[in-house]
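A.B. asks: Let's see this in three dimensions:
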Amino acid sequence: MSQQDRNAVKVAIDKLGYDFDHFELNDFIRHVERVLRREIILLPFAFDPGLSALWVRAETAHYIFYNDRTHAIHQAHSILHEIGHIVLNHACRPLDQVLPPELLKLLQTLQPQGRLRKAGLPLRQDPEEQEAEMFVFVIQKSLLLKQRQFEVMGQSSSNEALRKWVDSMAFDV
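C.D. replies: The predicted structure follows:
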């Protein structure tokens, strides 16, 4: 990803006008909804391993399905990744051939359009997937600088004695 692409992602985040000093995931989502004037509906779903999340652009709202079988940190990352696709106005793709039948029935549409977040090399080579990951990275870095990483990552260690040491290793800004 070029520096120009990174800067474009930062500009898109800045245009949201969100105060990351007080970041909370649900508050951020509500803010993005207000800015875009479109509801974002989060829905947990028991995806098979390897599928982290899914964004579906519907007529009246954006739907983000996230894998409820993964750790809360991974869920938050996946949700922010999908919001990145929305904010960056990434292209939607047909999803009807890749979604589980029970999810297709839930969507009540014959031709759902959106994006999948699935593990694998092709995603790493897709420029829009890289941009969505950069979106998450820029937000996470901002949260680290403002000492708000707990809001996305939770507590680094349940062991009080280890927490300061673990925090210093994992969160180098």
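
A.B. asks: So for the helix or strand harbouring residue 114, mean pLDDT?
C.D. replies: Using DSSP states H and E, the element containing residue 114 is strand 113-118. For strand 113-118, the mean pLDDT works out to 84.

A.B. asks: Give me the buried stretch members for that strand, please.
C.D. replies: Neighbour counts over strand 113-118 (16 or more other C-beta atoms under 10 Å) mark 114-118 as buried. For glycine as for every other residue, the C-beta is placed from the backbone atoms N, C-alpha and C.

A.B. asks: For that strand, which strands pair with it and how are they oriented?
C.D. replies: Partners of strand 113-118 in the sheet, by DSSP bridges, are strand 51-57 (antiparallel), strand 93-94 (antiparallel).

A.B. asks: Highest mean neighbour count out of the ones you listed?
C.D. replies: Of the strands paired with strand 113-118, the one with the most neighbours on average (mean count of other C-beta atoms under 10 Å) is strand 51-57, at a mean of 23.

A.B. asks: related to what we said a few turns ago, can you redo the strands paired with strand 113-118 as JSON lines with distance to residue 65?
C.D. replies: Rendered in JSON lines, the data for these read as follows (distance: least, C-beta to C-beta, whole Å):
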{"stretch": "strand 51-57", "distance to residue 65": "4"}
{"stretch": "strand 93-94", "distance to residue 65": "15"}
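
A.B. asks: Tell me which of those strands lies nearest to residue 131.
C.D. replies: Smallest distance to residue 131 across these (C-beta to C-beta): 13.6 Å, for strand 51-57.
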